[in-house]
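Undergrad: A predicted structure for the sequence below; I have some questions about it.
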Amino acid sequence: VASQVKDHAPFGGVVPELASRRHLQNLTPVVRAALTQAGVSLNDLTGIAVTQGPGLIGALLVGLSLAKALAWARDIPIVGVSHLEGHLAALGLCEAAPEYPFVALLVSGGHTSIFLVQGPGQQKELGQTVDDAAGEAFDKVAKLYGLGYPGGVVIDRLAQDGDPGAIKLPRPRLHDGTLDFSFSGLKTAVVYFRRDHEGEPYRMEDLCASFQEAVVEVLVKKTLAAAQEQGVEHLALAGGVAANQRLRQAMSWAAKENGMRLTLPPFELCTDN
């Protein structure tokens with residue numbers, strides 16, 4: 001695994017051009033390291049799987065180009081894999097993998113969706129964000145206040161010492177009758193709050209806790225509604241934001257109160273798989 005966090009930290013978010021160049025530099029060493037760690041060579045491979053999207057087009061092109069070159073050179077099959085399906089499939093690596101069918105909340109920096117997963121490779125999207133992803137909203141709020149990157153980690157940490165009810169913020173689309181999300185308005189509400197309270201004393205911990213609570217409440221309630229609509233009694237979290245402590249706590253409470261089971265992936269699986 002090669003992380004680009006330090007490369008993008010000065011910009012407070014992912015820079016697509018920089019991400020593509022880092023992929024170009026890191027991909028071959030990472031593939032070599034993976035083969036070495038597995039104790040195999042390229043000659044041992046019988047097929048190659050590669051993420052084909054969705055995602056940043058430059059980074060995807062780098063991966064696809066290497067995968068196609070390897071498959072052609074070795075004369076072996078190549079299989080394109082959905083980035084989102086990779087997140088969902090990673091749940092199968094958990095000690096207690098979720099039983100089918102289950103409803104999964106896939107929430108990351110680039111994606112926020114609810115899926116009904118009925119079997120391996122059999123998933124149906126029930127709802128998605130119509131604008132910003134939840135992780136993107138975390139990063140942009142953190143950037144607004146100069147808190148650091150990745151923003152979700154910083155906000156999660158600060159929120160633990162804050163009052164989630166201290167600052168009133170909207171819950172976008174919570175009662176719109178759909179399973180879709182929208183976080184751009186919530187992000188804008190934080191921008192207006194900062195403008196309207198400039199020079200006034202308030203705790204950053206309270207703002208982080210209030211913002212995080214607004215995001216988490218919408219995520220949890222819509223996921224629960226999806227499971228109830230589908231008659232499914234098993235929930236799961238996937239994606240980078242699945243590492244958020246408050247989200248894990250709130251989803252655990254919701255599952256318990258409604259007699260549902262919940263699969264929480266370990267932190268090492270809350271990443272791009």
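TA: Cool, got the structure. These numbers were taken from a predicted model, which means no experiment stands behind them.
Undergrad: Do a quick rundown of the helices in the stretch 101-250 of the chain.
TA: 134-144, 151-159, 184-196, 204-230, 245-257 (DSSP state H, counting those that start in this stretch).
Undergrad: mind putting the ones you listed in TSV, distance to residue 62, mean neighbour count and mean pLDDT included?
TA: C-beta coordinates here come from the backbone N, C-alpha and C atoms, glycine included. Output for the helices of the stretch 101-250 of the chain, formatted as TSV (distance: least, Cβ to Cβ, whole Å; neighbours: other Cβ atoms under 10 Å; pLDDT from 0 to 100):
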stretch	distance to residue 62	mean neighbour count	mean pLDDT
helix 134-144	22	23	93
helix 151-159	25	21	93
helix 184-196	29	15	94
helix 204-230	31	21	97
helix 245-257	31	17	96
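Undergrad: Mind putting those into JSON lines with distance to residue 238?
TA: Formatted as JSON lines, the helices of the stretch 101-250 of the chain follow (distance: least, Cβ to Cβ, whole Å):
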{"stretch": "helix 134-144", "distance to residue 238": "12"}
{"stretch": "helix 151-159", "distance to residue 238": "15"}
{"stretch": "helix 184-196", "distance to residue 238": "22"}
{"stretch": "helix 204-230", "distance to residue 238": "11"}
{"stretch": "helix 245-257", "distance to residue 238": "12"}
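Undergrad: Would you mind saying which of the ones you listed lies nearest residue 118?
TA: Between residue 118 and the helices of the stretch 101-250 of the chain, the tightest spacing by Cβ to Cβ is seen for helix 204-230, at 9.7 Å.
Undergrad: got the angle for that closest one vs helix 184-196?
TA: With axes from the mean of the first three to the mean of the last three Cα atoms, to 10 degrees applied, the angle from helix 204-230 to helix 184-196 works out at 160 degrees.
Undergrad: Rounded mean pLDDT for stretch 46-55, please.
TA: In this model, stretch 46-55 carries a mean pLDDT of 93.
Undergrad: go on, stretch 9-16?
TA: Here the average pLDDT along stretch 9-16 is 86.
Undergrad: Going by neighbour count, which residues in it are buried?
TA: Across stretch 9-16, burial judged by 16 or more other Cβ atoms under 10 Å covers 12, 14, 15.
Undergrad: quick one: which of those is nearest to residue 90?
TA: residue 14 (20.4 Å).
Undergrad: possible to save the buried residues of stretch 9-16 as CSV with distance to residue 49 and secondary structure?
TA: As requested, those are exported to CSV (distance: Cβ to Cβ, whole Å; DSSP: H, G, I helix; E, B strand; the rest coil):
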residue, distance to residue 49, secondary structure
12, 33, coil
14, 23, coil
15, 27, coil
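Undergrad: Which of these sits closest to residue 198?
TA: The nearest one, if we look at these relative to residue 198 and count by Cβ to Cβ, is residue 12, at 20.0 Å.
Undergrad: didn't the closest one look like it was pressed against residue 142?
TA: Yes. The pair residue 12 and residue 142 qualifies as a contact (Cβ atoms under 8 Å) at a distance of 7.1 Å.
Undergrad: Touching both of the two, which residues are there?
TA: 149, 151 (Cβ atoms under 8 Å, 6 or more residues apart in numbering).
Undergrad: what residues are up against residue 147?
TA: Residue 147 touches 154, 155, 158, 204, 208, counting by Cβ under 8 Å, 6+ apart.
Undergrad: Quick one, grab the pLDDT at it.
TA: So residue 147 comes in at 93 (pLDDT).
Undergrad: do residue 273 as well
TA: pLDDT at residue 273 comes out at 58.
Undergrad: same thing with residue 238?
TA: We have a pLDDT of 95 for residue 238.
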